[in-house]
Each structure stands twice: as C-alpha cells, then as structure tokens.
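Need coordinates for the below:
(2 chains)
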Amino acid sequence: MTAIVTAKNLSQIYELKRGMFAKPLALKAVKETSFTVEQGETLAIVGESGCGKSTLARMLTMIEPPTEGELTIDGIRIAEASDSDLKRLRSIVQIVFQNPYGALNPRQKVGAILEEPLKINTSLSAAERRERAEKMLAEVGLRPEHYGRYPHMFSGGQRQRIAIARAIMLEPKILVLDEPVSALDVSIQAQILNLLAELQERLGLTYIFISHDLSVVRHVATRVMVMYLGRPVEIAPVEELYANPLHPYTRALLAATPAARPGRRGARQRLTGELPSPINPPTGCAFHPRCPYADERTKRERPELTQHGKTMVACFAVDEGRLPPPDAAVVETPEPRA
Amino acid sequence: MSHIEAQEAEAGVGESLPDRAPQKSVRRQMLAEFWFYFSENKGAVIGLCVFALVVIIALAAPIIAPHSPTLQNRDALLIPPFWEDGGRLSYLLGTDAVGRDILSRLIFGARYSLFIGVIVVVIAVSLGIAVGLIAGYVGGWVDTVIMRVMDIILAFPSLLLALVLVAVLGPGLTNAMIAIALVLQPHFVRLTRASVMAEKQRDYVTAARVVGAGPIRLMVVTILPNCLGPLIVQATLSFSNAILDAAALGFLGMGAQPPTPEWGTMLAEAREFILRAWWVVTFPGVAILITVLAINLVGDGLRDALDPKMKRS
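Next comes the predicted model:
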C-alpha cells in the first residue's frame, strides 16, 4: 500500500476583519495536521461541528490553499505544482458536497452538469461527451432519460447520485465526501452508501469520508481520524477505534452515539462544557477543560500524536498509563434510573 | 429511486437510448420548449402580441400613416377625433395645435420610442451586468470602489443627473439616450452584484471550480444565468422608464427636438391643451401606457419561462 495523500503540518488560518483599524483576528480552523491516506482505503474524518473537517476537505480539493504546511497528492506537492500539474490534480481529486440541493446548478440540465468537467478538461466531441454522460448515469443507478432533466425534478437521493456522477466523470483517484449522506433520509443513506462502496470497488477509488455520524463511519471506513478543535486527536483502524477507543474525546463521542437497543447502551460518559472558540483556544491540550483525566501537565504542554499499538493518539493520560480501560470508563458513571 | 427501479435502469441501459436527434433540431426543440412554457402565461402572450403589433406599426410607418407626421394644416387646428362633433374622417384621432395629424405622429412616434427603449436598455443592461458581475465576483476593494461610484450616481435624482449629462454632451436624442442609460445602469449593477454574491457561496459554484472552471466561465456560464430572473424584470421596467425619461428630457428641450414625433415630446407639447382638447394629450399617453404594459407583461412571462424551477418533467 502506498500513500496517495500526505499532509504534513497542514494549517488553515482565516483572518477575521474587525473594522478598518483593529488588528484582524486569526482563526485557526486547522492546525498542524499531519496524516496520510493510503491508496484504495477510506479514511473517515469525524468530529463535532467546527472542528475543521470541512476546512480540511477544502484544502484537499484545492479550493483553498493551506496557509502553512505541505500537502502532497499523488506525488505532486501542491505548493510547488505547475499549472499543468494543477490541471492534472483537478482530475485526480474531486468532491461530493453535503447538501444535494445546493450542489447542482439549477439552470443546467443533468446532461450539461455531467458534461461540464469533460468540456473543461478534455477535447472530446459533443457526441462522445454525451455518450460518457449517459454511461455515467447508468453507473450511478439513474436512467438515460434523466439526461435532459433539471435538478429540481429529482429527489435528494437522486441528486446526490448526480453529484457523485459528476465527481467521477473525470475518473479521479480520490473522492472527498463531505458528509455525503447526512442530508438524506436514513433509507436513502443506505442506498447512497452502497453505491459509494460499489463504485470504490469497481473504480479503485480512495475515499476521504467526512462525517459526524459514527454509525455510518463504522460501516464505511477503513481508518478513522478523530479531530478536535483543528487537530487530530486519534487516528486508528476502524475496528480498533470502536473496540478500544483511547482518547477521552473519542470515548465520549462513541458513548454519545445512539444505540439501536437502548438497553445495551449502558452508562454513558458525559462531556460537560462547550467546544472552545478556535479564535482563543485553551493552552496545552485543547481538550483539557472538558477532560475528566486532565492534570497540570495537560494545561501547560500539548500532547503529540504517538503510536500505541495500532492507534495514534495525542493524550498524556494514555502516554502515562493513567487512563482506565474503555469498559471501566463506561461503568464509572452509572446512569440514575427512575 | 428504489432498488428495483435502479436495477431495471441498469438492465435497460443501451436498449432504450433515446434517438439522437440531429444537431439542427436541438435549437428548434429548445425554442418549442420555451414557447410551451411562455404560452402558459396568457398575459404574456397578449403582451407579446401587442408588442409585436407596435413593432410592425413602427416598421411600416410610412405605408400606414395617412399623413406626414410633420405636415401642418392651417385649416385643421385642434380638430377632435372623428366620432366627436366637428371631427373629420381624414383625421381619425384629430389634430394638434398646429394642425398635424395625431394618428400619423403616433405611428411614426412608435419608431422613436421603441428605438429609445431598446438602445437605452441594451446599454444599461450590458454595462450594468458586466460591472456588477465583476464587483460581486471579485469583491474586496474593486467592489468597494465600484459600489461607491454607483452610490454617487444613485444619490442624484435621476432626471437631474440625466439633465446635467445632456447639458454637458449637448442636446439631442442620442445624447439623451446615453445619459438615460448611464442613469439607469446602477440599478442593474446593484441587482447583479447582490445576486452574484448570493450565488457565489453556493456549492455548485465550488463544484464547478473544483472541476477546473476558470473565473470567466464561473462568472458567465455558472453564476450569471442564475441571476437573470430579477434582471429581466428590471430590464422591462427600465424600458418604460427610458421612454418616460426621454419624454421628460424632450419636454425640457434636452431630448428629441420639437418636430420629431416622439411620444413624450408630443405629450409635453400638448400639456397646455389638457382641458381644451383632451385628445392631444390622451393618445400619446395611451400609446406609452399600452406599449409599457405590453413590455412588462412580456418580461413577466419571460422570467417564468426562463426559470427552470417552473418547469415540469
């Protein structure tokens, strides 16, 4: 397995203007994030709103260049890429957005939407483009007569199929899926997830799957990266993460997942407090104000990602062996029953 | 779509590909589709018929006009329309204070009014859209500079500014049209900019950018068509504004010069007879009203017909 995406100390800093004379504030949406994505795998990125998932997606798809750090995609370093390299990268990385209602141009027919990537990037004739678009419609489970229709005539699930079709028109290697099913009905979610799995198998795609839905992630991912306030706190293979979550934040996230059978959920670990503001993040470990295992050291120093078995985790409590095993953590706080 | 449907779709691929019509008829098909939705709106069809009639009258003016529009007949001053007492059949809508046939003047006047409307709207719309697109898409200081200039133009009463411009450029119909176009254009800039800024944030624009669309393509192909609705309505409204402003300038001696049978100028000339000879003021006014109303109806229908959200499968 080879790494197709390598990110080293990737940061994205937004400047918030505060009028003409005040110094602009720096909002660090993503901070010194390093990770790799292997060819053919599905890396899921999870975390609560505002943790930098979507910013990461925008950097990976070159919508916004990273302010700091180095991003290498398919052997091309983004910062130094020439125009022709960038053009090539466009057809290597594509994105599917969360909201299928805003992702399709309401003035374009489905055919035109699907053909646009080809029109811009290839020199195919109109007939060839049409043929490819119709083939792609079939591939994502739509019918050829949908070619001449407008997006508003479709349901959410069908629109998401169209968005996926557009993303794979250029035969990309990497697909960034920015919460692709969270706007859909649960029944439709399964269909889209199956379609994505099928396409991945057939076309050898690499997925970067952004989500906040841990049950969906468990279903699709090979590896999971948990983010908190712009930094990854835990990167682990999916079975490992669900069986043996190390970081206290990961444990809290998993404990908050709704279970199909409420009786089996047992006790849950509750997080108190709010996600801190990324403009003014806490010192040391960003999670320490909400962490039950925080001590003096976590307030001063910031933990780095370190290897623990198959898992990479950024937590001093794990490093120092202070953390109870995951089951113990669950039993620790029994829920009062009426 | 259900799974069964999806499977059927996959099974059916290749068998039921629609017949590919030859390239030629694609345009005709689009036109047919457009007409289908346009004709749903009865008001718009009526408007279009009236507007077409006005255009035909304007084109055929020398053939249908019974008299010369500038010929003065000293024996027939302020003759009422033919159905009134003292009316003559040779002057169907009567004559004005210097004995010119009102019907002929109205027929020839259609040429001027349509010409003014079309030219002014074309200049104002194309300039306004171009500037507004740039302001909305580029943003930053470019946007600030453009919008402040537009604010300055809007800060003056439009007629006053047009008057100043004509005074600088020199009186005449051409200069009046340029002045009116410049005065109307900030509305289009603002409208375009606002729509562009709203549309720019949408995911489909980002998607087009990820696919590799350049800024020009994004502006013109992706964003602009989604901003057209309000622009079409504003354009049709401006058409009437242009005719009325040209009339006002004519009244002040800054637009079409007197013998020209322009509707606004006619209206202005006849103002003093409003109590004595109603027909001298009424008919040019009615002509303006009908034309403007027809154009607005057409604009309304156009907006609906061009909006894909109003379409059914």
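
Show me where the stretch 51-200 of chain B has its helices.
Assigned helices in the stretch 51-200 of chain B, in chain order: B:61-64, B:102-138, B:140-155, B:158-169, B:173-200 (criterion: DSSP state H, counting those that start in this stretch).

which one of these lies closest to chain A?
Ranking the helices of the stretch 51-200 of chain B by their distance to chain A (criterion: C-beta to the nearest C-beta) puts helix B:173-200 first, at 9.4 Å. In this view, the C-beta of every residue, glycine as well, is placed from N, C-alpha and C.

could the helices of the stretch 51-200 of chain B be laid out in a markdown table, adding mean pLDDT and mean neighbour count?
Shown next, in a markdown table, are these (pLDDT from 0 to 100; neighbours: other C-beta atoms under 10 Å in any protein chain shown):
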| stretch | mean pLDDT | mean neighbour count |
| --- | --- | --- |
| helix B:61-64 | 87 | 12 |
| helix B:102-138 | 91 | 22 |
| helix B:140-155 | 92 | 13 |
| helix B:158-169 | 89 | 17 |
| helix B:173-200 | 91 | 22 |
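
In a markdown table, list these along with distance to A:Glu70.
Compiled in a markdown table, those are given as follows (distance: least, C-beta to C-beta, whole Å):
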| stretch | distance to A:Glu70 |
| --- | --- |
| helix B:61-64 | 73 |
| helix B:102-138 | 29 |
| helix B:140-155 | 28 |
| helix B:158-169 | 55 |
| helix B:173-200 | 29 |
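
Would you format these as TSV with distance to chain A included?
Below are the helices of the stretch 51-200 of chain B laid out as TSV (distance: least, C-beta to the nearest C-beta, whole Å):
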stretch	distance to chain A
helix B:61-64	39
helix B:102-138	15
helix B:140-155	11
helix B:158-169	30
helix B:173-200	9
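
how about the ones you listed, which one is nearest A:Ile168?
Nearest to A:Ile168, of all those, is helix B:173-200, at 25.1 Å by C-beta to C-beta.

so after that closest one, what's the next helix or strand?
helix B:203-210 (DSSP states H and E).

and that next one, what's its mean pLDDT?
When pLDDT is averaged along helix B:203-210, the result is 89.

And it, what does it pack against?
Counting contacts by 3 or more C-beta pairs under 8 Å, 6 or more residues apart in numbering or on different chains; DSSP states H and E, helix B:203-210 packs against strand A:93-96.

Now with 10 Å, please.
Counting contacts by 3 or more C-beta pairs under 10 Å, 6 or more residues apart in numbering or on different chains; DSSP states H and E, helix B:203-210 packs against strand A:93-96, helix A:110-121, helix A:156-168, helix B:173-200, helix B:215-217.

Among these, which comes closest to B:Val286?
Across those, B:Val286 has its closest neighbour in helix B:173-200 (22.4 Å, C-beta to C-beta).

Figure out how far that closest one is from the centre of its chain.
For helix B:173-200, the separation from the chain centroid amounts to 13 Å (computed by C-alpha atoms, centre = their mean, to the nearest Å).

out of everything not next to it in sequence, what's closest to A:Thr42?
A:Tyr207 (4.1 Å; C-beta to C-beta, 6 or more residues apart in numbering or on different chains).

which bits of the stretch 151-300 of chain A sit near chain B?
By C-beta under 10 Å from any C-beta of the partner chain, the residues of the stretch 151-300 of chain A that approach chain B are A:151-155, A:157-158, A:161, A:163, A:166-167, A:169-170, A:172, A:176, A:178, A:187-188, A:190-191, A:194-195.

For the residue nearest to the spatial centre of chain A, give me its contacts.
In chain A, the centroid-proximal residue (C-alpha atoms, centre = their mean) is A:Ile210; its distance is 2.1 Å. Taking C-beta atoms under 10 Å, 6 or more residues apart in numbering or on different chains, we find A:Ile210 in contact with A:43-47, A:53-54, A:56-57, A:60, A:95-96, A:98, A:176-180, A:182, A:217, A:225, A:227.

Among the residues you listed, which are located in helices?
When DSSP state H defines the helices, the subset of the contacts of A:Ile210 inside them is A:Lys53, A:Ser54, A:Leu56, A:Ala57, A:Leu60, A:Val217.

bridging residues for the residue lying closest to the fifth one once chain neighbours are set aside?
For A:Leu60, ignoring the flanking residues on the chain, the nearest one in space by C-beta to C-beta, 6+ apart is A:Val176 at 5.3 Å. With beta bridges defined as DSSP bridges, A:Val176 has these partners: A:Ile95, A:Ile208.

one step back: just the buried members of the residues of the stretch 151-300 of chain A next to chain B?
Buried by 16 or more other C-beta atoms under 10 Å in any protein chain shown: A:151, A:153-154, A:157-158, A:161, A:163, A:166-167, A:169-170, A:172, A:176, A:178, A:188, A:191, A:195, out of those.

check contacts around the closest residue to B:Ser158 other than its chain neighbours.
With sequence-adjacent residues excluded and distances taken as C-beta to C-beta, 6+ apart, B:Ser158 is closest to B:Val183, at 4.5 Å. By C-beta under 10 Å, 6+ apart, the contact set of B:Val183 is B:120, B:124, B:153-154, B:156-165, B:241-242, B:245.

about what we covered before: which residues touch the residue nearest to A:Thr42?
A:37, A:40-44, A:96, A:174-177, A:180, A:196-197, A:199-200, A:220-222.

still on that earlier bit, okay if I get the helices and strands packed on helix B:203-210 as CSV plus distance to A:Glu304?
CSV is the format used below for these (distance: least, C-beta to C-beta, whole Å):
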stretch, distance to A:Glu304
strand A:93-96, 28
helix A:110-121, 40
helix A:156-168, 34
helix B:173-200, 39
helix B:215-217, 41
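
nearest to B:Ile223, of these?
Nearest to B:Ile223, of all the helices and strands packed on helix B:203-210, is helix B:173-200, at 4.9 Å by C-beta to C-beta.

now the angle from the helix or strand encompassing B:Val50 to helix B:102-138?
Using DSSP H and E, B:Val50 sits within helix B:42-59. Between helix B:42-59 and helix B:102-138, the angle comes out at 120 degrees (axes from the mean of the first three to the mean of the last three C-alpha atoms, to 10 degrees).

what's helix B:42-59 packed up against?
helix B:24-38, helix B:61-64, helix B:102-138, helix B:278-306.

Could I have the CA atoms of that helix written out in CSV?
Taking Å, rounded to 0.1, in the frame of the first residue of the first chain, the C-alpha atoms of helix B:42-59 are listed here in CSV:
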residue,chain,number,x,y,z
LYS,B,42,-51.9,34.3,-21.2
GLY,B,43,-51.0,37.8,-20.1
ALA,B,44,-47.5,37.4,-21.6
VAL,B,45,-48.9,36.2,-24.9
ILE,B,46,-51.2,39.2,-25.1
GLY,B,47,-48.3,41.4,-24.2
LEU,B,48,-46.2,39.8,-26.9
CYS,B,49,-49.0,40.3,-29.5
VAL,B,50,-49.4,43.9,-28.6
PHE,B,51,-45.7,44.5,-28.6
ALA,B,52,-45.3,42.7,-32.0
LEU,B,53,-48.1,45.0,-33.3
VAL,B,54,-46.3,48.1,-32.2
VAL,B,55,-43.1,46.9,-33.8
ILE,B,56,-44.9,46.2,-37.1
ILE,B,57,-46.6,49.6,-37.0
ALA,B,58,-43.2,51.2,-36.3
LEU,B,59,-41.6,49.3,-39.2
